[in-house]
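Undergrad: got a predicted model here, sequence first, then my questions.
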Amino acid sequence: MNPNIEASLNRADELLSDLRAEYSRALGTKTVTARASLLTHEVVERLRSTLDLSARRYWEAHVAGALAPEDRTAASVYFPIAADENGFDSILGRWRWRSVRDQHGAVYDYLRSLQPFVGRGNSWLGVMNSLAVAGKHID
């Protein structure tokens, strides 16, 4: 495993341990503390970041080299999390991989299979993403 991805996952585990302890205290007092909210955001933000790192690693290793320099520069590579097919394709379109996408059909299919719009069991991904975004921009 990539050392940065591994370190990011390990950090998420550390934060999750802190979060569980804080939730236990909060349950005892029946109060959601600011620390519990902060830790929740930090866990989901770390997980979201790890997904983005993974997508970027794939893109750099398998896609970027086949792109024109202007497409490499203009690309915006994030792990796709979308509410519908159009949103999913839009996110992946920002990878600028149109000219080589057919060569990555298995990856496209795999990423699509994880999406909330594909199955109820994937709804956690959308919830995690919403919490990560809300925690950044909404108190």
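TA: Thanks, I have the structure now. Predicted model only: the values in this text are computed from it and were never measured.
Undergrad: alpha carbons only for contacts and neighbour counts from here, please
TA: OK.
Undergrad: C-terminal to the helix ranked longest in the chain, what's the next element?
TA: Among the segments of the chain that qualify as a helix by DSSP state H, the longest is helix 3-29. Counting by DSSP states H and E, the next helix or strand C-terminal to helix 3-29 is helix 34-58.
Undergrad: which parts of the helix or strand that that next one is followed by are buried?
TA: Scanning the chain past helix 34-58 towards its C-terminal end, the next helix or strand to appear is helix 69-74 (assignment: DSSP H and E). By neighbour count, and taking 16 or more other C-alpha atoms under 10 Å as the criterion, the buried residues in helix 69-74 are 71-72.
Undergrad: how about stretch 76-94?
TA: Judged by neighbour count (16+ other C-alpha under 10 Å), stretch 76-94 contains these buried residues: 77-82, 88, 91-92.
Undergrad: stretch 119-139 too?
TA: By neighbour count, and taking 16+ other C-alpha under 10 Å as the criterion, the buried residues in stretch 119-139 are 125-126, 128-129, 131-132, 135.
Undergrad: any chance of these in JSON lines, plus secondary structure, distance to His41 and pLDDT?
TA: JSON lines is the format used below for the buried residues of stretch 119-139 (DSSP: H, G, I helix; E, B strand; the rest coil; distance: C-alpha to C-alpha, whole Å; pLDDT from 0 to 100):
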{"residue": "Leu125", "secondary structure": "helix", "distance to His41": "14", "pLDDT": "97"}
{"residue": "Gly126", "secondary structure": "helix", "distance to His41": "14", "pLDDT": "96"}
{"residue": "Met128", "secondary structure": "helix", "distance to His41": "9", "pLDDT": "96"}
{"residue": "Asn129", "secondary structure": "helix", "distance to His41": "10", "pLDDT": "95"}
{"residue": "Leu131", "secondary structure": "helix", "distance to His41": "7", "pLDDT": "92"}
{"residue": "Ala132", "secondary structure": "helix", "distance to His41": "6", "pLDDT": "92"}
{"residue": "Gly135", "secondary structure": "helix", "distance to His41": "5", "pLDDT": "70"}
